[in-house]
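Visitor: have a look; sequence and predicted model below, questions after that.
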2 protein chains.
Amino acid sequence: MRPTTKDLAKAAGVSRATVDRVLNERPGVQEKTIKAVNAAIKELGFVRNVSAANLAKSKVYRILFLLPQVGGEFLAGIEDEIGVLRLAVRNDNVEISVRRELSRDPHKVVEILSKLSPENFDGVALMASESPQVRDATSRLTERGVHLVQLISGQPDIRPYDFVGIDNFAAGATAASLLGGFNRAREGNVLVITDTMTSLDSAERRLGFDSVLQDRFPELKALPTLESHSDRDRADTIVRNTLRNFSNIVGVYVMSSEAAAPLEAVFRYRDHADQVIIAHEQTPSTTRFLQDRKIDALITQNTGHAVRSAVRLLKARADGVEPLASQEDVRIEILLKENLSRRQFSRKR
Amino acid sequence: MRPTTKDLAKAAGVSRATVDRVLNERPGVQEKTIKAVNAAIKELGFVRNVSAANLAKSKVYRILFLLPQVGGEFLAGIEDEIGVLRLAVRNDNVEISVRRELSRDPHKVVEILSKLSPENFDGVALMASESPQVRDATSRLTERGVHLVQLISGQPDIRPYDFVGIDNFAAGATAASLLGGFNRAREGNVLVITDTMTSLDSAERRLGFDSVLQDRFPELKALPTLESHSDRDRADTIVRNTLRNFSNIVGVYVMSSEAAAPLEAVFRYRDHADQVIIAHEQTPSTTRFLQDRKIDALITQNTGHAVRSAVRLLKARADGVEPLASQEDVRIEILLKENLSRRQFSRKR
DNA sequence: CTGAAAGCGCTAACAG
DNA sequence: CTGTTAGCGCTTTCAG
């Protein structure tokens, strides 16, 4: 049997209440009592039972997902994943809420973040592009005691909070590697489209893409990035114009997570078989395109996993526990028609 | 506040003990009392608090991983993952043990399985090839009340227990798609190697591989499967002979999860750049080969995820709870040099 | 600064 | 067939 607070109390010659005080670093305990309890902890190899503690506290973890207001299939998919998770974690005292109210304007984002406090939320999963203003606001938020994880959009490895998502430079490089590899060494141009280049995510993908193209596929030349600004008509226009101006297009790379409109524009003016086409993220549209072989590959991240990871991280931070690192890594996945996962799950009854 | 058994008891006009009896379908409760309690459950929207129940029962989930006795880097990696997980889940009353004692001989496997009982284990994760004998033994095991999940090796969708792993037909198809796609339409032969074709896994991969090759890459012809029988020297010999007998080899496909020896044999007799090389699973060796561009791609499954998934499934089955299907899907991943995940985890302090 | 006692939601043992 | 009582491991008053 694992030792309990009762055992600690006996070993340290104090009451269970005092053990509790020491365990939770509550104030008002004599230094020597603290030492005695800590010695007992070490000696007995005590590990606290978090669920018993949560039961006693009737603790609920309140987690908020802050998402962009506008979005297409990709964002809808994320909302769905959150919805599924919300039900699944109710048994673990986790209460998830979602707000779709972030805009491109950093000041609006800052305003929303500034209203958040530990009174209302233990943790926030934020899906917003980086900017100096937002960075400051998140710092203040965490200082106020609200845990934060940056979700999908943003930069790994840079600040004192967690990032859940893929390395966009590597994602772009992966796209280039596939596009170049599948292209059979034809010479020509590559059309590159995204939503907007002001987002760091797209910029990083482009850098990764270019670096591999230059290194390994000198026969390919990537054109300047086209920006659709989330506008269907605009996507159509810029694609049409570019296809008209550049004759020898052998590849297309759609960098944005909402790829449907740009891809449809391409299909409208070109036979899909005439070039290698790579896009990002798995949505109903992109899945269909892959199945129909209208595109060659998708670079994706497992959004369900990302969302669960965000919740686990926020919970771990709230508990002051170190998360299981390997589990929280979001991989850059490559999807071909052949490895689209068919079955959701496997069990016959 | 969510309703508790206390609320149920009051609403149904019975004691908490009776509520408990109904909740856990214990015998000896009047039909009408059961109805009353169930009515209250429905009315109040009661959801049981599993961790409170576990606390009261001091329940521990005893889970056994049964692994093959012999194995290389791939199996070692799985053992490592289990080791990490064992520590991580100790706080969740899960006790994991591992036995590396399965042999190729089905009768030995059966013997081991027949000794397992609910007295010792709540669930077993079994990594063994399919065979009629083993199938019977697993059926008897589950009938005895020990939950079972088939891990990595085996067939999805066929029996009344869970399978955690990838669809090997699709994995083989994916390999062919990459090999053919990267090959730039050269005509030639493809060397195919595995450990042993008697395992269903390899057979399935081969079928998937061939089907895509025939459909989409008629310029490629896959040679009969070579079998290394986990023997380094034998791998060397068969590879050398085949390379001597067939001049025009433009591709190599290693189907087995332990790929190091066959790959090294290939490198010994051929310049790696002369053909497209695809193998399975990420291990120290295959990772290095990918980084050095000695191989072109890996088809992998996330073993850490698979192991965690197995534990979650066995726990869910033991609780009689439906698992979160989407989370337990193991994907066929494609690894190029570009999307090898660098960072394990991302947080600066 | 420390301890006693009650309670979180559920289960187990024993009466009745 | 059903209720009472005690207790899982930890936290939270409230005294002292």
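Guide: Structure received. Residues are numbered from 1 along each chain as shown, chains lettered A, B, ... in the order given.
Visitor: point out where chain A drops to low pLDDT.
Guide: For chain A, the stretches with pLDDT under 70 are A:156-159, A:342-349.
Visitor: let's go with 50 and repeat that
Guide: A:343-349 (pLDDT under 50).
Visitor: in contact with the residue of the stretch 201-349 of chain A at minimum distance from DNA strand C, which residues?
Guide: Proximity of the stretch 201-349 of chain A to DNA strand C (CB to the nearest atom of the strand) peaks at residue A:319, 16.5 Å away. Yep, even glycine has a C-beta here, placed from its N, CA and C like the rest. By CB atoms under 8 Å, 6 or more residues apart in numbering or on different chains, residue A:319 lies in contact with residue A:50.
Visitor: what's residue A:65 in contact with, if anything?
Guide: By CB under 8 Å, 6+ apart, the contact set of residue A:65 is A:82, A:96-99, A:124-125, A:127, A:151, A:307, A:310.
Visitor: take the residues you listed and keep only those in helices.
Guide: Residues of the contacts of residue A:65 located in helices (DSSP state H): A:82, A:307, A:310.
Visitor: now the second one. Nearest residue, chain neighbours left out?
Guide: For residue A:307, ignoring the flanking residues on the chain, the nearest one in space by CB to CB, 6 or more residues apart in numbering or on different chains is residue A:81 at 4.6 Å.
Visitor: quick one: which of the ones in helices among the contacts of residue A:65 is nearest residue B:210?
Guide: Among these, residue A:307 lies closest to residue B:210 (CB to CB), at 38.1 Å.
Visitor: re earlier: any idea how far the residue nearest to residue A:307 lies from residue B:10?
Guide: 38 Å (CB to CB, to the nearest Å).
Visitor: cool, and residue A:188?
Guide: Residue A:188 is 76 Å from residue B:10, by CB to CB.
Visitor: also residue A:259?
Guide: Distance from residue A:259 to residue B:10, by CB to CB: 55 Å.
Visitor: who's more crowded, the two?
Guide: Neighbour totals were compared for residue A:259 and residue B:10, and residue A:259 leads with 29 against 15 (other CB atoms under 10 Å in any protein chain shown).
Visitor: test my guess that the more buried one contacts residue A:280.
Guide: Yes - contact criterion CB atoms under 8 Å: residue A:259 and residue A:280 qualify, at 6.2 Å.
Visitor: can stretch A:82-92 be said to contact DNA strand C?
Guide: No - against DNA strand C, stretch A:82-92 shows no contacts by CB under 7 Å from any atom of the strand, the least distance being 9.7 Å.
Visitor: buried residues, that stretch. List them.
Guide: A:82, A:84-86, A:88-89 (16 or more other CB atoms under 10 Å in any protein chain shown).
Visitor: do stretch A:242-253 as well
Guide: A:242-243, A:249-253.
Visitor: what sits opposite the closest residue to residue A:124 other than its chain neighbours in the beta ladder?
Guide: Distances taken as CB to CB, 6+ apart place residue A:64 nearest to residue A:124, at 4.9 Å, with adjacent residues excluded. On the basis of DSSP bridges, residue A:64 is bridged to residue A:97, residue A:124.
Visitor: can you name the residue of the stretch 151-300 of chain A nearest to DNA strand D?
Guide: For the stretch 151-300 of chain A, CB to the nearest atom of the strand, closest residue to DNA strand D: residue A:162, 23.7 Å.
Visitor: which one is residue A:308 nearest to, not counting chain neighbours?
Guide: Counting by CB to CB, 6+ apart, the residue nearest residue A:308 is residue A:85, at 6.0 Å.
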